[in-house]
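Chemist: Any chance you can model this:
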Amino acid sequence: MAIANGVSNDLLAKVPTLTLKANLLGSTANAQDASLPALLDAGFGGTQGGLVYRCATGWAALPLGANGTVLQSNGQNVVFGPAAAGALLAANNLSDVASAAIARTNLGLAVLPLGQCRLAYSSATALLLKPY
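Modeler: As a prediction, this is how the structure comes out:
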């Protein structure tokens with residue numbers, strides 16, 4: 001069934017799962033099958049390590065940060081910047097951790113009293129009640 005200046009979706013060719021119809025050529029052309037990675041590369045570049053994020057004006061690419069920087073928020077967007085003092089960096093050799101028990105506590109993994117359990121997900125059995 002024809003509609004104004006186009007065709008309805010039921011007249012479009014069938015496409016494989018996770019395939020998009022797009023024009024990635026950079027000029028006017030007929031749409032062709034395209035994968036999501038190809039569409040992202042065309043829109044944001046294909047440089048390894050880059051990230052795509054949502055900013056106030058739309059989707060944007062964030063290039064890979066310099067060596068030694070960490071991904072953080074400036075309150076509005078994500079940015080790469082220097083690690084905060086005391087960050088768990090390989091360069092710090094984690095030497096400020098006095099013991100494994102303190103490290104577990106700092107990470108929120110401290111041993112809980114007997115009788116406390118947690119819910120754990122398993123694809124084979126769904127939710128399980130497991131001791132900590």
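Chemist: Now for Val79, how many residues are close by?
Modeler: 14 (other Cβ atoms under 10 Å). For every residue, glycine as well, the C-beta is placed using N, CA and C.
Chemist: next one: Thr69
Modeler: Neighbourhood size, Thr69 [other Cβ under 10 Å]: 13.
Chemist: domain assignment for the protein?
Modeler: In terms of domains, the chain is parsed into 1-45, 47-86, 97-132 (source: automatic domain parsing).
Chemist: mean confidence score for the first one?
Modeler: So that's domain 1-45. Mean per-residue pLDDT for domain 1-45: 80.
Chemist: who does Val78 bridge with?
Modeler: Counting by DSSP bridges, Val78 is bridged to Ser73.
Chemist: Could you pull up the contacting residues of it?
Modeler: Val78 makes contact with 51, 53, 62, 71-72, according to Cβ atoms under 8 Å, 6 or more residues apart in numbering.
Chemist: What segments of this structure are strands?
Modeler: In the chain, the strands defined using DSSP state E lie at 2-3, 6-7, 19-22, 32-35, 51-55, 58-62, 69-73, 78-82, 117-122, 126-131.
Chemist: Determine the longest helix present in this structure.
Modeler: helix 36-44 (DSSP state H).
Chemist: What are the contacting residues of it?
Modeler: 18, 20, 22, 24, 34, 50, 52, 59-61.
Chemist: Does Phe80 touch Leu71 like I think?
Modeler: Yes - under the criterion of Cβ atoms under 8 Å, Phe80 makes contact with Leu71 at 6.0 Å.
Chemist: Which neighbours do these two have in common?
Modeler: Gly65.
Chemist: hang on, the earlier thing: using PDB, write out every CA atom in the longest helix of the chain.
Modeler: Output of helix 36-44 as PDB, limited to C-alpha atoms (Å, rounded to 0.1, in the frame of the first residue of the first chain):
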ATOM      1  CA  LEU A  36      24.200  -1.200  14.800                       C
ATOM      2  CA  PRO A  37      28.000  -1.200  15.100                       C
ATOM      3  CA  ALA A  38      28.300   0.200  11.500                       C
ATOM      4  CA  LEU A  39      25.700   2.800  12.300                       C
ATOM      5  CA  LEU A  40      27.500   3.900  15.500                       C
ATOM      6  CA  ASP A  41      30.800   4.000  13.600                       C
ATOM      7  CA  ALA A  42      29.300   6.200  10.900                       C
ATOM      8  CA  GLY A  43      27.700   8.600  13.400                       C
ATOM      9  CA  PHE A  44      30.400   8.800  16.100                       C
END
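Chemist: Thank you, goodbye.
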